[in-house]
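Visitor: No letters, just coordinates:
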């Protein structure tokens, strides 16, 4: 056996081993993918940092965020009892609802007082108007009634005078006819 052949066989075995390793165990050269991998890693780290800062901010200002359901359900993350925080939230909600209803009732009562005052002023204005205008209108209508009664009395007098004149004219006419006929009949 030739030593050069031995190294050649060995090289073939090494080449085969090297090609097998490259083919099956070593990833291909993906420089473009490697850059995207770094970008994804930065995005993930910034996302985690944002979540951490948000968590720290909410933890530091828990009293400002304690009435949010998403914070109440995860209150154990901030060292609080979720059940107790939810009960406190319900009490606060009830208090807010009751106070808003009471404010609505107070404003409605004030509105009713305003409407009542307006109605009172309208009623007093109407009362004053009635007290001043009704006697005036009564006097006008009364004087109109009196003038109508006077005109009816004058009309009745005129009709009775006409009737009297008619009766007198008939009497005179009948008398004249009777006196004229009376000598002729004798």
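Guide: Now that the structure is in, tell me what you want to look at. If you're wondering where the values come from, they're calculated on a predicted model, not measured in any experiment.
Visitor: Quick one: the helices in this structure, in order.
Guide: Along the chain, counting by DSSP state H, helices occupy 3-20, 31-60, 62-65, 69-73, 82-185.
Visitor: now the last one, how far from the centre of its chain.
Guide: It stands for helix 82-185. 41 Å (C-alpha atoms, centre = their mean, to the nearest Å).
Visitor: Who are the packing partners of that helix?
Guide: With contacts taken as 3 or more C-beta pairs under 8 Å, 6 or more residues apart in numbering; DSSP states H and E, helix 82-185 sits against helix 69-73. For the C-beta atoms, the positions are set from N, CA and C on the backbone; glycine is no exception.
Visitor: Centroid-nearest residue for this structure?
Guide: Centroid-nearest residue in the chain, with C-alpha atoms, centre = their mean: residue 104, separated by 14.1 Å.
Visitor: Against residue 110, how distant is that residue?
Guide: Residue 104 is 11 Å from residue 110, where distance means C-beta to C-beta, to the nearest Å.
Visitor: Ok, residue 61 next?
Guide: Separation of residue 61 from residue 110 (C-beta to C-beta) stands at 38 Å.
Visitor: what's the answer for residue 51, then?
Guide: Noted for residue 51: a distance of 49 Å to residue 110, by C-beta to C-beta.
Visitor: Kindly report the same for residue 116.
Guide: Applying C-beta to C-beta to residue 116 and residue 110 gives a distance of 11 Å.
Visitor: Repeat that for residue 18.
Guide: Residue 18 is 94 Å from residue 110, by C-beta to C-beta.
Visitor: Ok, residue 59 next?
Guide: Counting by C-beta to C-beta - residue 59 and residue 110 are separated by 44 Å.
Visitor: and what of residue 155?
Guide: Distance from residue 155 to residue 110, counting by C-beta to C-beta: 64 Å.
Visitor: What mean pLDDT does stretch 109-129 get?
Guide: In this model, stretch 109-129 has a mean pLDDT of 85.
Visitor: So residue 59 and residue 110 - more neighbours on which side?
Guide: Taking other C-beta atoms under 10 Å, residue 59 and residue 110 do not tie; residue 59 has more neighbours (13 against 10).
Visitor: pull the helix or strand with minimum mean pLDDT from this protein.
Guide: Least confident helix or strand, the chain: helix 3-20 with a mean of 61, by mean pLDDT, DSSP states H and E.
Visitor: give the contact list for residue 42.
Guide: Going by C-beta atoms under 8 Å, 6 or more residues apart in numbering, residue 42 touches no other residue.
Visitor: quick one: it and residue 48, what's the gap?
Guide: Per C-beta to C-beta, residue 42 is found 11 Å from residue 48.
Visitor: Sweet, I'm off.
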